[in-house]
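[1] following is a predicted model, sequence given first.
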Amino acid sequence: MTPENLLKEAFAAAVEAAHPTKHLASFLPPLPKGRLVVVGAGKAAAAMAQAVEAHYPLDKLSGLVITRYGHSLETQKIEVIEASHPVPDEAGQQATERILEMLEELGQDDLLLCLISGGGSALLCAPDGLTLAEKAELTTQLLNSGADIKEMNTVRKHLSRVKGGRLAERAYPAKIVSLILSDVVGDDLSSIASGPTVADPTSFADALGIVKAYELDNQKVISLLEEGVNGKRPESPKPNHPAFQNVENILVASGQKSLEAAARYFESKGIQAHILSNSVEGEAREVAQVHAAIARQVALYNQPFSKPCVLISGGETTVTVKHKGKGGRNGEFALGLAIALDGLADVYALAADTDGIDGSENNAGATFGPEIFARCSKAEAKSYLVANDSYSFFARAGALFETGPTHTNVNDLRLILIL
């Protein structure tokens with residue numbers, strides 16, 4: 001088996017370990033005395049809805065979930081709506097309004113089953129104080145700023161009628177069970193999909209500080225957050241809110257489980273696996289420099305690990321976008337890694353998002369080996385990196401990694417195989 005195939009099969013093992021059909025059934029609650037209503041949002045929402053339908057009698061189910069365009073699956077009772085990610089659109093807003101209407105009808109004997117996964121922040125869209133166009137503009141600014149996902153969601157939670165525990169607030173007094181797939185470093189439930197059913201530990205002051213720290217040029221947003229700081233807008237619900245007495249938030253799958261699955265795969269092939277961390281953050285190209293330094297030390301000196309081995313890491317890097325190239329954080333990491341390794345013999349790598357989509361293009365990420373500069377020189381690669389155009393580089397090099405939607409999302413997976 002080629003090194004590239006080893007990497008791709010390890011990625012498949014990691015994704016399978018986080019797929020909703022593998023885990024969801026054991027967490028599903030018993031039928032309630034009243035109605036069972038299912039709502040949700042995220043890139044895994046359709047797969048989670050399928051798992052729910054396979055568990056309960058169909059005549060007991062109703063509801064609606066929102067997923068990314070191209071990520072829908074066939075369901076029978078739970079409606080699946082596709083909408084835009086990472087920038088929200090009208091389809092997502094209209095579907096969210098329908099969910100909010102469902103919440104108003106719930107009583108204390110009813111159960112609201114929430115299916116939450118990464119991507120839910122963009123898909124579950126109910127702006128508070130902003131138009132949809134203004135919300136989309138803010139999202140684009142945050143995506144390009146270099147802010148991490150927790151910072152982005154802190155801002156979004158304070159300009160929403162559904163994020164930051166407000167969904168739970170609206171569903172009160174119904175019981176809520178939220179089943180959650182984590183795409184957030186540290187598995188902070190209040191940040192995954194902006195925590196629609198989780199008490200919010202952040203404040204308007206926190207959100208305002210983030211907007212100012214990243215120097216976002218958005219006076220409308222600044223004014224709204226300042227109103228919140230001054231007590232003129234209601235703060236997001238905190239742990240002492242009565243709505244959370246009826247809420248159970250359950251972490252179903254996380255990046256750590258996927259890293260362990262990839263490690264088991266390599267060890268079954270006689271290759272030692274070393275998980276560096278499940279919570280790597282920072283600028284993608286800078287993180288790549290650190291990974292390359294470790295890989296080089298192993299390849300040349302058998303330190304701190306002996307060959308053959310694989311280095312595994314997860315988490316979520318960021319990209320401060322300064323130019324208008326194409327590609328996501330995994331492509332940017334992979335390109336930075338390729339440049340730093342400079343064709344080092346017997347070193348192969350894969351960097352990809354477990355949801356199958358890196359950024360806004362159709363690839364999960366990229367995979368490459370020592371011959372990466374055969375079609376495109378290292379000097380040209382550097383120019384692509386400067387332009388934030390990793391997609392175009394790997395397309396030219398024939399090294400894009402494409403999987404299509406995986407129907408799960410537990411963050412990024414980086415594999416460096418040293419033979």
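    Done, it's in.
[2] and the contacts of the one helix or strand Ser392 maps to?
    Secondary-structure element containing Ser392, defined by DSSP states H and E: helix 390-397. For helix 390-397, contacts defined as C-beta atoms under 8 Å, 6 or more residues apart in numbering pick out 325-328, 331-332, 334-335, 359, 361, 363, 366, 368, 372-376, 380-381, 384-385, 400. Backbone N, C-alpha and C define where each C-beta goes, glycine included.
[3] what does the following helix or strand past it rub up against?
    Using DSSP H and E, the helix or strand that directly follows helix 390-397 along the chain is strand 400-401. For strand 400-401, the external contacting residues (C-beta under 8 Å, 6+ apart) are 8, 11, 350, 352, 363-367, 391, 394.
[4] quick check: mean pLDDT of the helix ranked longest in the chain?
    Ordering each helix of the chain by length in residues (DSSP state H) puts helix 284-301 first. The average pLDDT for helix 284-301 rounds to 98.
[5] which outside residues touch it?
    With C-beta under 8 Å, 6+ apart as the criterion, helix 284-301 contacts 276, 280-281, 303-307, 309, 311, 313, 317-319, 329-330, 332-337, 339-341, 344-347, 349, 385, 414, 416, 418.
[6] give the contact list for Ala273.
    Contacts of Ala273 (C-beta under 8 Å, 6+ apart): 262-264, 266-267, 309-310, 312.
[7] returning to what we had before: sort out for me which of the contacts of helix 390-397 are in strands.
    366, 368, 400 (DSSP state E).
[8] among the residues you listed, who's most crowded?
    Within those, most neighbours by other C-beta atoms under 10 Å means Ala366, with 31 neighbours.
[9] gap between it and Leu276?
    The gap separating Ala366 from Leu276 is 19 Å, by C-beta to C-beta, to the nearest Å.
[10] any chance you could map the helices in the stretch 51-200 of the chain?
    90-104, 120-123, 132-145, 149-157, 166-171 (DSSP state H, counting those that start in this stretch).
[11] among these, which is nearest Gly186?
    helix 149-157 (8.5 Å; C-beta to C-beta).
[12] so what does that closest one touch, helix or strand wise?
    helix 120-123, helix 132-145, helix 204-213 (3 or more C-beta pairs under 8 Å, 6 or more residues apart in numbering; DSSP states H and E).
[13] out of these, which is the most enclosed?
    helix 120-123 (a mean of 30; mean count of other C-beta atoms under 10 Å).
[14] which residues touch that helix?
    Taking C-beta under 8 Å, 6+ apart as the rule, helix 120-123 contacts 40-42, 45, 66-68, 83-88, 92, 95-96, 139, 152-153, 156, 163, 192-194, 196.
[15] dump that helix to PDB, keeping only the CA atoms.
    Taking C-alpha atoms only, helix 120-123 is exported to PDB below (Å, rounded to 0.1, in the frame of the first residue of the first chain):
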ATOM      1  CA  GLY A 120     -24.400  25.400  13.400                       C
ATOM      2  CA  SER A 121     -23.400  29.000  14.100                       C
ATOM      3  CA  ALA A 122     -23.800  30.000  10.500                       C
ATOM      4  CA  LEU A 123     -26.800  27.700   9.700                       C
END
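[16] let me see the contact set for the closest residue to Gly343 other than its chain neighbours.
    Nearest non-adjacent residue to Gly343, counting by C-beta to C-beta, 6 or more residues apart in numbering: Pro370, 4.9 Å away. Residues counted as contacts of Pro370 (C-beta under 8 Å, 6+ apart) are 341, 343-348.
[17] ditto for Thr408
    By C-beta under 8 Å, 6+ apart, Thr408 lies in contact with 15, 18-20, 43-44, 47, 117, 181, 253, 354-355.
[18] can you check Ala352 too?
    11, 330, 358, 364-367, 401, 403, 412-413.
[19] okay, the angle between the one helix or strand it maps to and helix 390-397?
    Per DSSP H and E, Ala352 falls inside strand 347-353. Per axes from the mean of the first three to the mean of the last three C-alpha atoms, to 10 degrees, the angle that strand 347-353 makes with helix 390-397 is 130 degrees.
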